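Novice: What shape does this take:
(chains A, B, C and D)
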2 protein chains.
Amino acid sequence: MDMRDIAKLAGVSSATVSRVINGSTLVRPETVERVRKVIDEVKFFPNNSATTLKYGKSGTYGLIIPDITNPFFPEFIKCFESIVVEHDQEMLMATTDFHPGRMQQTVRRMLIRKVDGVALLASEIETEPIENLIQNRVPLVTMDRGPIGEGLSNIAINYRSGMDQAIAHLKEFLHKKIAYIGGFTGLTISEHRVTAFIRAMKRAGLEPRSEYIKVGDYRVTGGAAAMTELLSLKDRPTAVLAANDLTAIGGMRAAMKIGVSIPSDISIVGFDDIEMSDIVHPPLTTLRLSRLDLAQAFFNALECFKSDPHRQGEQYMVKTTLIVRDSTGPVPRQRSSR
Amino acid sequence: MDMRDIAKLAGVSSATVSRVINGSTLVRPETVERVRKVIDEVKFFPNNSATTLKYGKSGTYGLIIPDITNPFFPEFIKCFESIVVEHDQEMLMATTDFHPGRMQQTVRRMLIRKVDGVALLASEIETEPIENLIQNRVPLVTMDRGPIGEGLSNIAINYRSGMDQAIAHLKEFLHKKIAYIGGFTGLTISEHRVTAFIRAMKRAGLEPRSEYIKVGDYRVTGGAAAMTELLSLKDRPTAVLAANDLTAIGGMRAAMKIGVSIPSDISIVGFDDIEMSDIVHPPLTTLRLSRLDLAQAFFNALECFKSDPHRQGEQYMVKTTLIVRDSTGPVPRQRSSR
DNA sequence: TTCCCATATGTATACGTATACATATTTGCA
DNA sequence: TGCAAATATGTATACGTATACATATGGGAA
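Specialist: Numbers count the residues shown, from 1 in each chain, chains lettered A, B, ... in the order given. Prediction:
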């Protein structure tokens, strides 16, 4: 069942059927109705692959994310999918699970399926797969990766202001010994976040101490491990910033397990504001990154390349907002040595 | 850049290039190597849409889920994606967000993209979109929907044994007044679960009371609301089974908020065993449904239709396992009135 | 050497769509 | 009514692949 069959049934040509389906204004209303009726009757669905083959455009945006079990991403995917589908396009999602090897495979999947652009939220440092995309003229929008170029845009998260807010908030509670639990080393996004932390500390007139800077894995376990290390220091920090909420939650768990209570003994600030942050106990103070804003930014950035996939990309920015809940509080009285 | 270009560069015909790419054994090793070299050099990626157009098969399985923010689904998606990609196929994911309207749209997306089969984890009661799939000869594998037929298989969750285990566990703790918080009415999956609960109660010689059967929404909020209702009863239940973990977690939150402690005042059992269940406080006793088993079952069921998309489907079954953690305990001493 | 068969490669083709271009039909205006 | 312009519809085509079928090459047996 194809457009030609519909055409025959409606007594028109296949071109007219195509025009009706694509909403061309050139068709007489009565003809439109006649064709529509046939389409509905036989439940016709056009075959996307024909168009994809002819025009090299699939009406699909690729979405590459590192870890779908981090609740931030499902929430993002949901927003992105809605936006994309609303615009009669498709989303092709792939996860890398932080394996650089899977990145290559993932890019391959995108190229084979002829996606019209890729939203890359996984920030592996590997550049080869990325170059593959560029080379094949597939527009790419990265998050917090940095460089832009032809067919390459970037969306920067405004960590600077977010970190400033977080540290100002802690400073109000008189915290000085502030630690940071980051993500994997080797991801640009991890570097960005730790850099933003150090800068914000300095701007607030506080000294970032190297023993207070730990590495996690963006997951609960990594946060727990790093927190355990921090708490084993002779001179414990009084507050901790985490690279994301899962890390923060892991940190809280580790602290509570050894009888360190939050926020009375130590304050914790997360990043992302996943739904879970409000469910966990105590509810987590965190820097919210709006999934909808981010998804919309990605979509807009991709759409910009529609007319010319090879045009010069742009830098975009998405803001963060401090959400104060109960995991932060005044610096503890005793042991406020230094 | 297509196979013909590769063919020219390698001094062979396009058919040979195709054979090399598809791993045909008919090609001489030296020729394979020569072609491979050219493919690597020019970084050629075949165009999937040509095959899809010609053979009406896209090498893609559709996956329809209700709510990606329920952590059960990302974990499932991860498994399913891995399996599918390992078999050189693609996954097209779509979420319905429990809107029956989006189901229709979602099926349309699948048909337009010519998926080779659909894994349907959203169990809306609407049958029209499903018929659309069947009509277009797209194999369909449902979860806990029930009927099978030509090109239609079903994967049943073994609630019966799961519920029996859960109730036996509670009975050991001498619980008799056991409540149930289900999901939306109108979803077959909800009916299945509540039916399994009632049957299990009866089999255990306990009387399911209608005022102890509440409706949630598979989310935290619904669980909290239902639990609040249960706790406002004069004769409170001493244990609660929830249709999924989020519901259970919501229930725990609601209970703790009004000073009812878990498990000393009331025991709670979830369903799914999402990662969060082990992080939440107290860790949740729950019926584990293995994502990997489930994903594998879906994949196998879909692959069965590969040779003949119209063959008779089958019933499959996936088991559940009781994971005992800290949200269940002995029935409270005082107020054990009846 | 001859012939056949197995192995290896080549040729031709169809899949369904959107659009450029061609053609038909209607409308507007004199 | 007649004719140009505007509107509406039709015709033909190319996109890249996998495979049926055709053909070529090589090796071994008689």
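
Novice: So which bits of stretch A:122-130 are buried?
Specialist: A:122-124, A:126, A:129-130 (16 or more other CB atoms under 10 Å in any protein chain shown). For every residue, glycine as well, the C-beta is placed using N, CA and C.

Novice: scratch that, stretch A:149-163 is what I was asking about
Specialist: A:151-163.

Novice: what do you get for stretch A:230-249?
Specialist: A:230-231, A:236-249.

Novice: Near chain B, list only the ones from the residues you listed.
Specialist: residue A:249 (CB under 8 Å from any CB of the partner chain).

Novice: Of the buried residues of stretch A:230-249, which belong to helices?
Specialist: A:230-231, A:245-249 (DSSP state H).

Novice: residues contacting the residue nearest to the spatial centre of chain A?
Specialist: By CA atoms, centre = their mean, chain A has its centre lying nearest to residue A:121, at 4.9 Å. Residues in contact with residue A:121 (CB atoms under 8 Å, 6 or more residues apart in numbering or on different chains) are A:63-66, A:73, A:76, A:143.

Novice: can you give me the helices in the stretch 1-150 of chain A?
Specialist: Here the stretch 1-150 of chain A has its helices, by DSSP state H, counting those that start in this stretch, at A:3-10, A:14-21, A:29-42, A:48-55, A:72-86, A:100-112, A:128-135.

Novice: so the worst-scoring helix or strand of chain A on mean pLDDT versus helix B:29-42, what angle?
Specialist: When the helices and strands of chain A are scored by mean pLDDT, DSSP states H and E, helix A:128-135 comes last with a mean of 86. On the basis of axes from the mean of the first three to the mean of the last three CA atoms, to 10 degrees, helix A:128-135 is oriented at 80 degrees to helix B:29-42.

Novice: contact partners of helix A:128-135?
Specialist: A:103-104, A:106-107, A:110-111, A:118, A:120, A:140, A:142, A:149-152, B:43.

Novice: Could I get the contacting residues of the residue in the stretch 201-338 of chain A positioned nearest to DNA strand D?
Specialist: Each residue of the stretch 201-338 of chain A has a distance to DNA strand D, by CB to the nearest atom of the strand, and the smallest belongs to residue A:309, at 15.1 Å. The neighbours of residue A:309, taking CB under 8 Å, 6+ apart as the test, are A:116-117, A:137-139, A:151.

Novice: Closest one to residue B:220 out of these, please.
Specialist: Top of the list for closeness to residue B:220, among these and by CB to CB, is residue A:117 at 34.7 Å.

Novice: circling back to that earlier point, now compare the contacts of residue A:309 and name the two farthest from each other.
Specialist: Spanning the widest gap among those are A:116 and A:151, at 11.3 Å by CB to CB.

Novice: Tell me the residues that contact both of the two, please.
Specialist: With CB under 8 Å, 6+ apart applied, the overlap between the contact sets of residue A:116 and residue A:151 consists of A:138-139, A:305, A:309.

Novice: Format the buried residues of stretch A:149-163 as TSV; extra columns: distance to DNA strand D, pLDDT and secondary structure.
Specialist: Conversion of these to TSV gives the following (distance: CB to the nearest atom of the strand, whole Å; pLDDT from 0 to 100; DSSP: H, G, I helix; E, B strand; the rest coil):
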residue	distance to DNA strand D	pLDDT	secondary structure
A:151	19	93	coil
A:152	23	94	strand
A:153	26	96	strand
A:154	30	94	strand
A:155	31	95	strand
A:156	36	92	strand
A:157	38	91	strand
A:158	41	90	coil
A:159	42	84	helix
A:160	45	84	helix
A:161	46	89	helix
A:162	45	89	helix
A:163	47	91	helix
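
Novice: List, one by one, the residues from chain A near DNA strand D.
Specialist: Taking CB under 7 Å from any atom of the strand as the test, the list of chain A residues beside DNA strand D reads A:7, A:11-16, A:19, A:25-28, A:30-31, A:50, A:53-54, A:56.

Novice: ok so, going back, export the helices of the stretch 1-150 of chain A to a markdown table and tack on distance to residue A:266?
Specialist: Conversion of the helices of the stretch 1-150 of chain A to a markdown table gives the following (distance: least, CB to CB, whole Å):
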| stretch | distance to residue A:266 |
| --- | --- |
| helix A:3-10 | 66 |
| helix A:14-21 | 61 |
| helix A:29-42 | 63 |
| helix A:48-55 | 54 |
| helix A:72-86 | 24 |
| helix A:100-112 | 35 |
| helix A:128-135 | 39 |
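
Novice: Going by mean pLDDT, which of those helices comes out lowest?
Specialist: When the helices of the stretch 1-150 of chain A are compared by mean pLDDT, helix A:128-135 comes last with a mean of 86.

Novice: now that helix against helix A:100-112, angle please.
Specialist: Note on geometry: by the same axes, to 10 degrees, helix A:128-135 and helix A:100-112 are set 20 degrees apart in direction.

Novice: which residues touch the nearest residue to residue A:148 once chain neighbours are set aside?
Specialist: Here the nearest residue to residue A:148 in space, its sequence neighbours aside, is residue A:313; by CB to CB, 6 or more residues apart in numbering or on different chains that works out to 4.1 Å. Contact criterion CB under 8 Å, 6+ apart gives A:139, A:141, A:148-154, A:301, A:304-305 as the residues in contact with residue A:313.

Novice: Tell me the one of those nearest residue A:215?
Specialist: The shortest distance between residue A:215 and any of those, using CB to CB, involves residue A:154 and amounts to 24.2 Å.

Novice: right, and the closest one touches residue A:142 too?
Specialist: Yes - in this structure residue A:154 lies within contact range of residue A:142 using CB atoms under 8 Å: 5.0 Å.

Novice: just to revisit the earlier point, how about the backbone phi and psi for the residue nearest to residue A:148?
Specialist: Comment: the main-chain dihedrals of residue A:313 come out as phi -80, psi -180, following degrees, to the nearest 10.

Novice: In the sheet, which residues pair with residue A:240? Tell me.
Specialist: With beta bridges defined as DSSP bridges, residue A:240 has these partners: residue A:179, residue A:268.

Novice: from what I can see it touches residue A:179, true?
Specialist: Yes - using CB under 8 Å as the test, residue A:240 is close enough to residue A:179 to be in contact (4.7 Å).

Novice: can you list residues touching both of the two?
Specialist: Shared contacts of residue A:240 and residue A:179 (CB under 8 Å, 6+ apart): residue A:230.

Novice: what comes into contact with stretch A:27-37?
Specialist: The set of residues that contact stretch A:27-37 without belonging to it, under CB under 8 Å, 6+ apart, is A:6, A:10-12, A:16-17, A:19-20.

Novice: go with 6 Å
Specialist: Counting by CB atoms under 6 Å, 6 or more residues apart in numbering or on different chains, the neighbours of stretch A:27-37 from elsewhere in the structure are A:10, A:17, A:19-20.

Novice: This completes my enquiry, with thanks.
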